[in-house]
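In: for reference, the sequence and a predicted model appear below.
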Amino acid sequence: MSPSPFSDPGALATTGVIVVDFQGDFTTLKQGALAVDGTDEPYVKEVEQVTLRLKSRGVTLFATQDWHPEDHVSFFTNHPGKQPFDTIEVHGETQVLWPPHCVQESGNAGILIPADTFTAIVKKGTDPRFDSYSGFKDQGNTPTELTQRLRAANITRVVVYGLATDYCVKATALDAAERGFEVFLVEDLCRGVAKETTLDALEEMKQQGIHIITSNAL
């Protein structure tokens, strides 16, 4: 049986949920620019229902939101001659070039759960110079407000799920663990871009002490 993040007395008060990049552009339901396989209506409804149920129990909820300017470095359209999923070197690191997605104020940049569900929605990827997989910081190591928000709410453990397992979910979960939070990753409420990288991501998270659970444990 999967360990439950709510098994300890008082856990509801010290456990926060981070819903990662649950946005239209990452779903097949919304025919998103970077739609991840398996993100159809049943998946979207399940994530919303679980999230709202946690809200009704008094759990503190946060969301991360990709929020890119049109001139973002990760968009292949900003690199003449490049194609989607080509790679380049940026600031000494390999950068995957993505189709434009989650552009600020665009319809598919919206989160697919009502905004008032969350204590805070933390925007990331707003600096055109750096990609930002983690909800805690961008690739230039500029922090978001997420750590501060969690500390202010007296959160010591976090439950993480959303999109995509092998990119933003993994980066967010690993950074949470690095910052001293106990981390629970809800595998069935995530979807990955590719099978091999998703399996690798799950193994890497396990190696860093992250609990891999299912929604039945919530």
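Out: Cool, the structure landed.
In: next SSE after whichever strand or helix holds residue 199?
Out: Residue 199 belongs to helix 195-207 when elements are defined using DSSP states H and E. Note on helix 195-207: by DSSP H and E, the next helix or strand toward the C-terminus is strand 211-213.
In: in that next one, what counts as buried?
Out: 211, 212, 213 (16 or more other C-beta atoms under 10 Å). Where you see a C-beta, it was placed from the backbone N, CA and C, and this is true even at glycine.
In: now tell me what touches it from outside.
Out: Strand 211-213 is contacted by residues 2-5, 182-187, 202, 205-206 when judged by C-beta atoms under 8 Å, 6 or more residues apart in numbering.
In: now the longest helix along the chain: buried residues?
Out: Counting by DSSP state H, the longest helix found in the chain is helix 41-56. Neighbour counts over helix 41-56 (16+ other C-beta under 10 Å) mark 43, 44, 47, 48, 50, 51, 54, 55 as buried.
In: ditto for stretch 178-198
Out: 181-187, 189-193, 198.
In: and the furthest pair within those?
Out: 182 and 193 (26.4 Å; C-beta to C-beta).
In: can you pull out the helices in the protein?
Out: With DSSP H as the criterion, the chain has helices spanning 11-14, 41-56, 146-152, 170-178, 195-207.
In: to residue 125, which of these lies closest?
Out: Comparing the helices of the chain against residue 125 with C-beta to C-beta, the closest turns out to be helix 170-178 (11.6 Å).
In: okay, buried residues for that closest one please.
Out: Across helix 170-178, burial judged by 16+ other C-beta under 10 Å covers 170, 171, 172, 173, 174, 175, 176, 177.
In: which among those gets closest to residue 69?
Out: residue 171 (20.1 Å).
In: spit out the contact partners of that closest one.
Out: Contacts of residue 171 (C-beta under 8 Å, 6+ apart): 133, 134, 135.
In: and the strands in this protein?
Out: With strands called from DSSP state E, the chain shows them at 15-20, 60-66, 87-90, 93-96, 120-124, 157-162, 182-186, 211-213.
In: now those strands as JSON lines including mean pLDDT and distance to residue 76?
Out: Listed next are the strands of the chain as JSON lines, based on pLDDT from 0 to 100; distance: least, C-beta to C-beta, whole Å:
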{"stretch": "strand 15-20", "mean pLDDT": "98", "distance to residue 76": "23"}
{"stretch": "strand 60-66", "mean pLDDT": "98", "distance to residue 76": "16"}
{"stretch": "strand 87-90", "mean pLDDT": "96", "distance to residue 76": "9"}
{"stretch": "strand 93-96", "mean pLDDT": "94", "distance to residue 76": "9"}
{"stretch": "strand 120-124", "mean pLDDT": "98", "distance to residue 76": "20"}
{"stretch": "strand 157-162", "mean pLDDT": "98", "distance to residue 76": "24"}
{"stretch": "strand 182-186", "mean pLDDT": "98", "distance to residue 76": "30"}
{"stretch": "strand 211-213", "mean pLDDT": "98", "distance to residue 76": "33"}
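In: can you list contacts of the helix holding residue 199?
Out: By C-beta under 8 Å, 6+ apart, helix 195-207 touches 165, 166, 169, 170, 173, 174, 177, 183, 185, 187, 192, 212.
In: nearest residue to the fourth one in space, please, no chain neighbours.
Out: Pointing back at residue 170 there. Distances taken as C-beta to C-beta, 6 or more residues apart in numbering place residue 201 nearest to residue 170, at 4.2 Å, with adjacent residues excluded.
In: for the chain, which residues score under the pLDDT cut-off?
Out: For the chain, the stretches with pLDDT under 70 are 1.
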